[in-house]
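S.K.: Following is a predicted model, sequence given first.
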Amino acid sequence: MLRRLIVIVTAAILFSNSLTLAQTKKPKPPDQFPPSPLEITTPDPLLPRLPKDKQPLTLQEQQNLEPALDALNQQAAAKLQAGEQVAAFEIWNRELRLRRFLGSLAEVQALSRVGAIAWKQNDGEEVQYIVQRLQAIQKQAQSQKTTAQVDLELWRSLAQAYQNVRSIKLAVEAYDQVLLVVRQQKDTAAVVEMLKTIGELHLTWFDYTKAAPVYEELLSLATSLGERVNEVTYLQRLAYIYEQTQQPQQSLNILNKLVDIYTNENNLTEIPELKLAIAANYESLAKKDPNLLLEAFQNYQEAYTTAWQLREYVRAGDALQKLISLYRSQGQIDEALQASQILVQIQTQSANFYGIMQAYDQIGQLYLEQKDFPQALTAFKKGLEIAQQLKHEEAYFTKQIEKISSNR
């Protein structure tokens with residue numbers, strides 16, 4: 001009995017000690033991400049041999065391997081088509097592991113292809129593996145290069161691959177590397193190509209701040225080369241960029257250049273819209289410098305006049321409405337009334353009955369500000385006639401008429 005008790009006590013002590021050790025020994029934290037399937041080093045039957053000392057396969061061995069890898073790509077595509085996405089990417093990952101034995105360019109092009117598919121299939125984990133591998137290749141290329149030895153095709157392929165997986169910042173970094181080299185080579189056509197690509201990337205991802213200097217440089221190049229069509233295109237891009245970033249002074253510089261070009265080419269169709277934008281920028285700048293309001297008035301008037309001459313009544317109406325709003329903001333009610341009467345004529349000319357109704361409402365409100373109740377009543381009655389035809393806002397105009405009538 002005693003012997004049995006000793007055995008039990010001893011076992012309990014050993015268990016207690018082991019438990020204490022287990023409690024004091026911190027468990028290993030799990031890996032944040034599983035290991036990349038692109039880094040598996042298990043020998044593959046498709047390899048003729050394991051390259052020793054990082055020696056690449058011979059040309060003949062590469063040529064023999066390539067058809068087998070193309071076959072893997074086709075197998076993976078068939079699996080995906082059949083709805084077996086996991087199996088498909090297992091095959092593609094095997095292909096990608098083996099593609100690196102064909103050289104960096106071949107591997108990057110394959111990563112680009114599979115990356116585009118992974119993005120489309122919303123496979124974030126696969127995209128992550130591909131980006132990690134692309135970055136490793138990029139790092140190796142940076143460590144090996146000299147300016148004279150930069151592999152432009154590799155860097156272009158890296159940039160495209162990053163684009164395919166929507167890693168735009170990394171794509172721009174790769175294109176910047178290409179841009180650096182073609183600048184040194186004084187290859188103007190290649191410089192323009194790279195700048196356009198980088199600019200479009202920035203615009204696609206709404207990075208207007210970075211897009212602006214790119215298009216400014218493109219504009220400078222186009223102007224120096226006398227490329228009028230491209231010059232206009234870049235000016236339009238910059239006008240949009242500065243509008244989005246709310247930089248009125250920069251916007252004015254660009255819009256005035258466009259006005260000069262269209263005027264010299266006698267292409268007046270674009271002038272009203274440009275003048276409207278110019279006036280709006282002056283109106284914005286006038287918050288700090290009231291003297292610039294005169295420029296805003298003038299450009300709204302020019303927008304209206306040009307649109308009227310071109311019989312573009314909708315634009316003419318837009319310009320006149322902007323002018324009226326500016327008159328009202330400055331307390332120039334008589335001028336606003338005069339412009340509003342012209343607005344009725346323009347809206348009538350363009351058969352815009354809703355616009356006519358709004359114009360009469362505006363006239364009525366302006367007369368109310370002057371406490372000219374008879375004229376306000378007349379305007380609201382005319383507005384009611386249009387409202388009844390449209391079967392819209394009848395109650396509003398009726399209420400305005402009743403309010404004036406009861407106060408007289």
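M.R.: Arrived safely. What you are looking at is a predicted structure, and each value in this text was computed from that prediction instead of being measured.
S.K.: Quick one: neighbours of Lys79, just the number.
M.R.: In terms of burial, Lys79 registers 18 neighbours under the definition other Cβ atoms under 10 Å. C-beta here means a position set from N, CA and C on the backbone, and glycine is covered the same way.
S.K.: Kindly state the pLDDT recorded for it?
M.R.: Reading off the per-residue confidence, Lys79 sits at a pLDDT of 97.
S.K.: Please name the nearest non-neighbouring residue to it.
M.R.: Ala88 (3.8 Å; Cβ to Cβ, 6 or more residues apart in numbering).
S.K.: Do I have it right that that neighbour meets Leu80?
M.R.: Yes: counting by Cβ atoms under 8 Å, Ala88 sits close enough to Leu80 to count as a contact (3.9 Å).
S.K.: circling back: what residues of the helix or strand hosting the residue nearest to Lys79 count as buried?
M.R.: Taking DSSP states H and E as the criterion, Ala88 maps to helix 85-99. Neighbour-count burial for helix 85-99 flags Gln85, Ala88, Phe89, Ile91, Trp92, Asn93, Arg94, Glu95, Leu96, Arg97, Leu98, Arg99 (criterion: 16 or more other Cβ atoms under 10 Å).
S.K.: Distance to Val178 for those residues - can I get that in JSON lines?
M.R.: Below are those laid out as JSON lines (distance: Cβ to Cβ, whole Å):
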{"residue": "Gln85", "distance to Val178": "34"}
{"residue": "Ala88", "distance to Val178": "32"}
{"residue": "Phe89", "distance to Val178": "30"}
{"residue": "Ile91", "distance to Val178": "32"}
{"residue": "Trp92", "distance to Val178": "27"}
{"residue": "Asn93", "distance to Val178": "28"}
{"residue": "Arg94", "distance to Val178": "31"}
{"residue": "Glu95", "distance to Val178": "27"}
{"residue": "Leu96", "distance to Val178": "24"}
{"residue": "Arg97", "distance to Val178": "27"}
{"residue": "Leu98", "distance to Val178": "28"}
{"residue": "Arg99", "distance to Val178": "22"}
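S.K.: Please identify which of the residues you listed is nearest to Thr41.
M.R.: Arg97 (8.7 Å; Cβ to Cβ).
S.K.: before we move on, the earlier item: for the residue nearest to Lys79, give me its contacts.
M.R.: Under the criterion of Cβ atoms under 8 Å, 6 or more residues apart in numbering, the contact partners of Ala88 comprise Ala76, Ala77, Lys79, Leu80.
S.K.: What subset of those is buried?
M.R.: In the contacts of Ala88, burial by neighbour count holds for Ala76, Lys79, Leu80, counting by 16+ other Cβ under 10 Å.
S.K.: Filter the residues you listed down to the ones in helices?
M.R.: With helices taken from DSSP state H, the overlap with those comprises Ala76, Lys79, Leu80.
S.K.: wait, which of these is closest to Val232?
M.R.: Checking these against Val232 by Cβ to Cβ gives Leu80 as the nearest, at 44.5 Å.
S.K.: Quick check: the closest one touching Ile117?
M.R.: Yes: counting by Cβ under 8 Å, Ile117 is a contact partner of Leu80 at 7.3 Å.
S.K.: hey, what's in contact with both of those two?
M.R.: Taking Cβ under 8 Å, 6+ apart as the contact criterion, no residue touches both Leu80 and Ile117.
S.K.: can you give me the helices for the stretch 51-200 of the chain?
M.R.: Here the stretch 51-200 of the chain has its helices, by DSSP state H, counting those that start in this stretch, at 59-81, 85-99, 104-120, 124-144, 152-164, 168-184, 188-204.
S.K.: Export the ones you listed to a markdown table and append columns for distance to Leu221.
M.R.: Putting these into a markdown table (distance: least, Cβ to Cβ, whole Å) gives the following:
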| stretch | distance to Leu221 |
| --- | --- |
| helix 59-81 | 40 |
| helix 85-99 | 38 |
| helix 104-120 | 29 |
| helix 124-144 | 28 |
| helix 152-164 | 20 |
| helix 168-184 | 12 |
| helix 188-204 | 6 |
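S.K.: Many thanks, we can stop here.
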